[in-house]
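Q: missing the sequence, but the structure's below:
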């Protein structure tokens, strides 16, 4: 699902080719290769399982254990995902822009998860700060999902591979959408 008219316009510019003047229709092979590499990094997100486990503890109202799981597993894995995306080799200017945006969105997820972990460690799951932290996590997930959607328009994935645990926040199958593909699961979003 396209989230903004700007995203749609970007995809039209990147995907659009000419039909009659001999130019190639669709994205260039180099851009497709960049998109593939970025999509591979998204599918390998090491934070998915630890974040889903922490979400299970939140569901059971075991905030201290959820905070510990985030501190020891979820947040470090989310940091590794930022590093992995930054390390993706791309050869086109569009690929570099996508990589920069994706790494930035994952970095925002780290910041949001660190705050969420801090608040969970207090044990209060009903206050305004808790709700705000959940909202920040959701926004970071939506940012990753939006970029992943744009990548999917340039190179649709052949199958729907689950990149987020079904019980992860934000819906089943993907961040902010059903059947999505980004590996951005995070606790507390329902």
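A: Looks like it arrived, so ask away. Bear in mind the structure is a predicted one, so any value in this text is a computation, not a measurement. Numbering: from 1, shown residues only.
Q: need the helices for the chain, in chain order.
A: In order along the chain, the chain carries the following helices (DSSP state H): 5-15, 29-43, 48-59, 63-69, 75-86, 93-122, 128-154.
Q: now those helices in JSON lines, with mean pLDDT and mean neighbour count?
A: Using the backbone N, CA and C atoms, a C-beta is placed for each residue, glycine as well. Shown next, in JSON lines, are the helices of the chain (pLDDT from 0 to 100; neighbours: other Cβ atoms under 10 Å):
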{"stretch": "helix 5-15", "mean pLDDT": "43", "mean neighbour count": "14"}
{"stretch": "helix 29-43", "mean pLDDT": "95", "mean neighbour count": "19"}
{"stretch": "helix 48-59", "mean pLDDT": "89", "mean neighbour count": "22"}
{"stretch": "helix 63-69", "mean pLDDT": "93", "mean neighbour count": "20"}
{"stretch": "helix 75-86", "mean pLDDT": "98", "mean neighbour count": "19"}
{"stretch": "helix 93-122", "mean pLDDT": "96", "mean neighbour count": "20"}
{"stretch": "helix 128-154", "mean pLDDT": "93", "mean neighbour count": "20"}
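Q: count the neighbours of residue 156 for me.
A: 9 (other Cβ atoms under 10 Å).
Q: I'd like to know how far it sits from residue 116.
A: When distances are taken as Cβ to Cβ, to the nearest Å, residue 156 and residue 116 turn out to be 32 Å apart.
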